[in-house]
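>>> predicted coordinates and the sequence they were generated for:
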Amino acid sequence: MKVVVFGGSGLIGKKLCGILRAKGHEVTPASPSTGVDILSGAGVAEALRGAEVVVDVVNSPSFEAEAVMSFFQQAASVCLPAEVAAGVRHHVALSVVGADRLPTSGYMLAKVAQEEAIRAAGVPYTIVRATQFFEFVPAIVDAGTKGDAVMLTPALLQPIAADDVAAALAAVVEEAPKNGMVEIAGPEAVGCDEIGRLWLAAKKDPRKVVTDAAAGYFGAELDDRSLTPGPGARLGGLRFDTWLARG
């Protein structure tokens, strides 16, 4: 099966391309480094020629509200019509668990707009909503840092390893389109503050976590349901503490 991976040179994209090739699929990583620009459309039609499945794991270079909304809307307006023209049979898109529960987050609003564009495009699809990657924890810690203190909410997260995200996406590629959503998450829910403490301890970082329910998540207020999955989520096998121990 020919699979095109938009964002194939990124963290998830590289891992996904490797898994799909090992499964025997013909894989085309599509990114600016391979001559494909999803904003201008350069190289998109050529990359899609003969494709049966497209996986979109592209992310915006900016998380500023207007910039991220513009990015996802423009990418959708270029890629989805091109997929219709190419006869793509399954569009798989990576999104975020709880995207529709954080209306004060510009990034989440942009992901919801992307999901809406996918539903309206006419290509059979599966939206895979993932929780926060383990690899994103340093950014969460840095965002909460004030001097030597790290202000983090005790609200639950259920983070997942990038390797498990790529494996879950590869499984969805080989399934029939859901025309709906799949949630994926790590094996356990842990308070954001505790995740921060585990990270800092593992890195021997002297900063101290201060639990603050008002700290939120990049400006958005959180509770235990905001970013955790529902009961039907597919769970990765790697625990955060095990991942940390790998160094």
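Here it is on my side, so go on. Computed from a predicted model, the values in this text were never measured in an experiment.
>>> and the closest residue in space to Glu174 that isn't next to it in sequence, how many neighbours?
Leaving out its chain neighbours, the residue that sits closest to Glu174 by Cβ to Cβ, 6 or more residues apart in numbering is Lys23, at 7.5 Å. The way it works is simple: take the backbone N, C-alpha and C, and place the C-beta from them, glycine included. By other Cβ atoms under 10 Å, 14 other residues sit near Lys23.
>>> and Lys23, its phi and psi?
According to degrees, to the nearest 10, the main-chain angles of Lys23 amount to phi -80, psi 0.
>>> can I assume it is in contact with Ala170?
Yes. Counting by Cβ atoms under 8 Å, Lys23 does reach Ala170; the two are 6.8 Å apart.
>>> so, low pLDDT: which residues of this structure?
Within the chain, no stretch has pLDDT under 70.
>>> show me where it has its helices.
All helices of the chain, identified by DSSP state H, fall at 11-22, 44-48, 65-86, 106-121, 137-143, 162-173, 192-202, 240-245.
>>> for Thr153, find the nearest of the ones you listed.
Thr153 sits nearest to helix 192-202 of all the helices of the chain, at 5.0 Å, using Cβ to Cβ.
>>> where's the residue nearest to Glu174 relative to Glu188, distance?
Applying Cβ to Cβ, to the nearest Å, the value for Lys23 to Glu188 is 28 Å.
>>> so what pairs up with Ile127 in the strands?
Applying DSSP bridges to Ile127 gives these bridge partners: Ala93, Met181.
>>> my guess is it meets Val97, correct?
No. Taking contacts as Cβ under 8 Å, Ile127 lies outside contact range of Val97: 10.9 Å.
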